[in-house]
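Enquirer: Just the structure for this:
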Amino acid sequence: AGRAVLPPYGYYDNRAKKQGEYNTGATMLLAPRDSAGTISSTLVYLDQNTVNQSLMYVPSLRRTRKMSSTDTQDRWGGADLIFDDGGGFSQKMTRTRYEYKYEVEEREYLVPIVFDGTEYCDTKTGEYRNLKMERRPMYHVTLTQTDPNYVYGKRNLYIDREHYTIAAAENFDQQGRLYRTTGINWYFDPNMGLSYLFYSFCRMVDHIDIHSGTGLLAGFPAPWDIRKDLHMMALIQESTK
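Expert: This next block holds a predicted model:
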């Protein structure tokens, strides 16, 4: 829905427009061996009251199951984040399920940014090298959860006021302890004049279990037929090759 950067522009097809489909995506694990072939597929709807369609294929069970809204609070693939942490924050905002009270503060923060491809993460220390910093106008959004059944009691989001990317997210459990944090070092493309996820670093930390992980997000144009190639059966066939 509403592509503004890369073609095709607008809605992908009439079905997406009619059903209000915002985006779709799939993730396949290649390792470790006992998790290889696990697939997660999500179709996100624009309507806040329409539950997103989330499917998961578990190769050891040879079964595809439909995930409930509570399943999105589970860790994904052993990483230090849950499904609702994708991209810093991917939880569905609705007044009918897990509603938040929120506060918004505007100020400037010094944030890291990937610029020329010379940045890298030291695999021994976990530290970033050659990383540039930039002072950016940001929204500091504090979300306080009103439902005690949700995994997080409060979430802090740091959102760029110019291009609305999330630079960092701080998540606290229901006891007020800092639980998980996500930091995204966005890639800035001077030709496009904006930041996006085509070559970005992501740092995920679990402060209670004392564990962390780092990801390098690489994007490139793909000749996929979205309806055909990202269909669950096509993904399962690909995973079994």
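Enquirer: Which stretches in the protein count as helices?
Expert: For the chain, the helices defined by DSSP state H occupy 14-19, 226-229, 232-239.
Enquirer: Quick one, which of the ones you listed gets closest to H140.
Expert: Of all these, the one in closest proximity to H140, counting by Cβ to Cβ, is helix 14-19 (33.4 Å). Glycine gets a C-beta too; all of them are placed from N, C-alpha and C.
Enquirer: For the closest one, buried residues please.
Expert: A16 (16 or more other Cβ atoms under 10 Å).
Enquirer: circling back: what's the closest of the helices of the chain to G77?
Expert: helix 232-239 (13.6 Å).
Enquirer: Mind listing what's buried along stretch 44-56?
Expert: Those would be 44-45, 52, 54-56, for stretch 44-56 by 16+ other Cβ under 10 Å.
Enquirer: Would you give the sheet partners of the least confident helix or strand in the chain by mean pLDDT, along with the direction of each?
Expert: Every helix and strand in the chain was compared by mean pLDDT, DSSP states H and E; the lowest is strand 194-206, with a mean of 79. Strand pairing for strand 194-206, using DSSP bridges, gives strand 178-189 (antiparallel), strand 211-218 (antiparallel).
Enquirer: Serialize those to a markdown table and add fields for mean pLDDT and mean neighbour count.
Expert: Formatted as a markdown table, the strands paired with strand 194-206 follow (pLDDT from 0 to 100; neighbours: other Cβ atoms under 10 Å):
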| stretch | mean pLDDT | mean neighbour count |
| --- | --- | --- |
| strand 178-189 | 89 | 22 |
| strand 211-218 | 82 | 14 |
